[in-house]
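**Q** Pasting the sequence and the predicted coordinates here, then a few questions.
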Amino acid sequence: MVAWLSWSCGKDGAYTLGLRPDVIGLFTTVSTGRVPVHGVPRELVEAQASALGLPLHVVELPWPCPNAEYERRTGAALAAARATGADTIVYGDLFLADIRAYRERTLAGTGLTPEFPLWGRPTGPLAREMIAAGLRAVVVSVDPARVPAGLAGHAFDEEFLAALPDGVDPCGENGEFHTFVTDGPGFRTPVPVAVTGSGERDGMVVAELSPRP
């Protein structure tokens, strides 16, 4: 198999990548210069790809972006993956069945097979397994209705997991928080960043990151 990985700069995708040596490329979406939801600047995602030694295919999205336009543009990225010889698209999804079903519908008829290596894994043990494996990440956004706003900018580590309120998924699979990976399995070099402040974007508290020499 030859695979591309759906990349949003976070821990689930990065840990999935460490399990899949057949990945030859990454693809991500960017809107107004940032990865949607995570709010991470494009240059930092490009730095991740460089540190991983993998090409990054960036899908530029307008804002706002109707679903039909989203599917047209991501469809072009999938066609590019197929043209490079890929036959598989790998996702880091954990348990949201509606998202998995959407991805499967999107790939139907494209010649690409979706795969979900982390699917169904218990997220508490999985989060700790990521940390123990050497994955290093910064919590870049939190939903303040479910996670204390002060945790934006915190390292994704045991201390962070211990600070999560009851009912919050340890991997943030329900959208409680999102991460930016700075190092881990597959990284040739770290991607050091500094947290320079925080703000509100689309209802989330977002930690502003900048490259650190």
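**A** Thanks, I have the structure now.

**Q** CA only for contacts and neighbour counts going forward, please
**A** Will do.

**Q** got the contact list for the longest helix along the chain?
**A** The helix that spans the most residues within the chain, counting by DSSP state H, is helix 67-83. With Cα atoms under 8 Å, 6 or more residues apart in numbering as the test, helix 67-83 has contacts from 4, 25, 27, 57, 59, 60, 61, 87, 110, 111, 112.

**Q** If you rank these by neighbours, which is first?
**A** Tallying neighbours with other Cα atoms under 10 Å puts residue 4 at the head of those, with 30 neighbours.

**Q** any chance you could map the helices in the chain?
**A** With DSSP H as the criterion, the chain has helices spanning 11-19, 42-52, 67-83, 97-107, 123-132, 158-163.

**Q** Give the buried residues for the second one.
**A** By that I understand helix 42-52. Neighbour-count burial for helix 42-52, with 16 or more other Cα atoms under 10 Å as criterion, is recorded at 42, 44, 45, 46, 47, 48, 49, 50, 51, 52.

**Q** which ones are touching the last one?
**A** What that stands for is residue 52. 186, 187, 188, 189.

**Q** Likewise for residue 184?
**A** 14, 15, 133, 134, 135, 136, 190.

**Q** Mark which of the residues you listed are buried, thanks.
**A** The neighbour-count test (16+ other Cα under 10 Å) applied to those identifies 14, 15, 135, 136 as buried.

**Q** May I see the residues you listed organised as CSV, with pLDDT and distance to residue 208 added?
**A** Listed next are the buried ones among the contacts of residue 184 as CSV, based on pLDDT from 0 to 100; distance: Cα to Cα, whole Å:
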residue, pLDDT, distance to residue 208
14, 97, 20
15, 98, 23
135, 98, 20
136, 98, 17
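
**Q** out of the residues you listed, who's nearest residue 157?
**A** Among those, residue 136 lies closest to residue 157 (Cα to Cα), at 7.9 Å.

**Q** before we move on, the earlier item: least confident pick among the contacts of residue 52?
**A** Among those, residue 186 has the lowest pLDDT, at 93.

**Q** Could you count how many residues lie near that residue?
**A** That count, for residue 186 with other Cα under 10 Å as the rule, works out to 17.

**Q** Let me know the distance separating it from residue 21.
**A** Relative to residue 21, residue 186 is positioned 9 Å away (criterion: Cα to Cα, to the nearest Å).

**Q** Would you mind listing where the protein has pLDDT under the threshold?
**A** Within the chain, the set of residues satisfying pLDDT under 70 is empty.

**Q** Break it down into its domains, please.
**A** Per automatic domain parsing, the domain ranges recorded for the chain read 3-115, 123-211.

**Q** Quick one: end-to-end length of the shortest one, please.
**A** Put plainly, it is domain 123-211. Span of domain 123-211 from end to end, Cα to Cα: 30 Å.

**Q** Could you do the longest one as well?
**A** Domain 3-115 stretches 9 Å from its first residue to its last (Cα to Cα).

**Q** try stretch 4-13
**A** 11 Å.

**Q** Off-centre distance for that stretch?
**A** Taking the mean of its C-alpha atoms, stretch 4-13 sits 4 Å from the chain's own mean (Cα atoms, centre = their mean, to the nearest Å).

**Q** Also stretch 73-81?
**A** Distance, centroid of stretch 73-81 to centroid of chain: 18 Å (Cα atoms, centre = their mean).
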